[in-house]
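Engineer: fold the stuff below for me.
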Amino acid sequence: MKQNFNELFSKMKPEAQERVNARSTELLQAMALADLRRAQAHTQQQLAQTLGVNQAWISRVERQTDMYLSTLRSYIEALGGELQVSARFDDTLIRLDQFAEVEGEPVVNDAVSEPHTIHD
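Structural biologist: Next up, the predicted model:
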């Protein structure tokens, strides 16, 4: 007999529910781009169409570990989000606003360009 998660969760002890909630929060605070895209119910092809690039470009970006902020911003905004850059010092989190998008600046170049050709 299949049970959905909510049914199982409701039968857990409160301590177990707290552990599950804590782990869920932890996992949601750190996601790879591909996981984030899937969580937002988008395919690579859909995202590529939104950005005006090809699917291979999306795949390349999702595998990169180093990219321009403008590339990351475009990707996040195409998913309906907003990129915020911040720095953490001990218990203080500071949002850096110098990376805010410059109005009128192109964010994504043509579909055949390498991801590293997009500049801030």
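
Engineer: residue 14: how many residues sit nearby?
Structural biologist: 7 (other Cβ atoms under 10 Å). Bear in mind the C-beta positions are built from the backbone N, C-alpha and C, glycine included.

Engineer: and for residue 49?
Structural biologist: Quick note: residue 49 (other Cβ under 10 Å) scores 15 neighbours.

Engineer: now it: how far from residue 59?
Structural biologist: Per Cβ to Cβ, to the nearest Å, residue 49 is found 14 Å from residue 59.

Engineer: could you do residue 26 as well?
Structural biologist: Taking Cβ to Cβ, one finds residue 26 at 27 Å from residue 59.

Engineer: more neighbours: the two, which one.
Structural biologist: residue 59 (12 against 9).

Engineer: pull the contacting residues for that one.
Structural biologist: residue 44 (Cβ atoms under 8 Å, 6 or more residues apart in numbering).

Engineer: checking it next. Helix, strand or coil?
Structural biologist: Classification of residue 59 by DSSP: H, G, I helix; E, B strand; the rest coil places it in helix.

Engineer: distance of it from residue 75?
Structural biologist: In terms of Cβ to Cβ, residue 59 sits 12 Å off from residue 75.

Engineer: which strand or helix spans residue 15?
Structural biologist: helix 14-29 (DSSP states H and E).

Engineer: what pLDDT, on average, does that helix get?
Structural biologist: On average, the pLDDT along helix 14-29 is 82.

Engineer: other SSEs contacting the helix or strand bottoming out on mean pLDDT in the chain?
Structural biologist: Least confident element among the helices and strands of the chain, by mean pLDDT, DSSP states H and E: helix 14-29 (a mean of 82). The contact analysis (3 or more Cβ pairs under 8 Å, 6 or more residues apart in numbering; DSSP states H and E) places helix 14-29 against no helix or strand.
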